[in-house]
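Asks: Got a predicted model here, sequence first, then my questions.
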Amino acid sequence: MKKKINKTNALYPTLTTILGTMVNGKPNFITIAHVGIMNHGDPQYLSFGVSKAHFSNQGILENKVFSVNIPSKDLVVETDYFGLVTGKNTDKSKVLDVFYEEYDKAPMLKQCPVTMECRLAQTIDFKTHDIFIGEIMATYANEDVLMKNGKIDIRKIDPLLFDMSSLKYWALGEPVANCWNVGKALKKKE
């Protein structure tokens, strides 16, 4: 029997990311787990829900570009720190190594196994949050997290997951089944 538990958002856990942008001429980073995949075609769009109170918003809105860094679980301390302190009075650019590629206003983190440069495609203005929709312009991955076919191996990234209910970071377990394949067993019964 199911029990009604009000309007609880049960979509957790979600991927933990670190957004990078330039604010007042300085690299700034913020931890964001309210992320979404808008599509997987070309162009590819991602969404990020960021409280209007955050310092990073002004850099994203002003520069129209930002980075998305995917930390592995061994970066849990640094990742959490980026979400705990504000760039208004803390220089977060010294915590990890920063690098740039196409966009000099989208600082990326060398220690994160996967990084993406995004162009701001749209901002949805909610009362308390900005929803940033970014178009992926380029993706960079450490060679050691790539499979032989050149695609990213999520197990090798070992990304952090965020859960609001437990207020804990989690990690991936073993794969369960192959997508677009395991359900074929039911098709055979039709």
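Replies: Noted; the coordinates are in hand. Residues are numbered from 1 along each chain as shown.
Asks: just the helices in the protein please.
Replies: With DSSP state H as the definition, the chain shows helices at residue ranges 56-63, 76-84, 154-157, 184-189.
Asks: Out of those, flag the one nearest Leu172.
Replies: Taking C-beta to C-beta, helix 154-157 is the member of those nearest to Leu172, at 6.6 Å. Every residue, glycine included, has its C-beta placed from N, CA and C.
Asks: coming back round to it: any idea which of the helices of the chain is most buried?
Replies: Sort these by mean neighbour count, taking mean count of other C-beta atoms under 10 Å, and helix 56-63 sits at the top with a mean of 20.
Asks: quick one: contacts of that helix?
Replies: With contacts defined as C-beta atoms under 8 Å, 6 or more residues apart in numbering, helix 56-63 is touched by 19, 21-24, 28-30, 50, 66, 87, 105-106, 120, 123, 130, 132.
Asks: With distance to Gln44 and mean pLDDT added, can I get the helices of the chain in TSV?
Replies: Below are the helices of the chain laid out as TSV (distance: least, C-beta to C-beta, whole Å; pLDDT from 0 to 100):
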stretch	distance to Gln44	mean pLDDT
helix 56-63	18	97
helix 76-84	23	97
helix 154-157	17	96
helix 184-189	27	83
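Asks: ok, back up a step: filter the contacts of helix 56-63 down to just the ones in strands.
Replies: The strands, defined by DSSP state E, take in 19, 21-23, 28-30, 50, 66, 120, 123, 130, 132 from these.
Asks: ok, those residues vs Asp144, which is closest?
Replies: For these, the minimum distance to Asp144 (C-beta to C-beta) is 22.8 Å, reached by Phe29.
Asks: Show me what that closest one is bridged to.
Replies: With DSSP bridges as the criterion, Phe29 is bridged to Gly20.
Asks: Other residues contacting stretch 96-115?
Replies: 18, 20-22, 27-29, 59, 63, 65-72, 75, 78, 93, 117-119, 137-142, 144-145, 152, 156-157.
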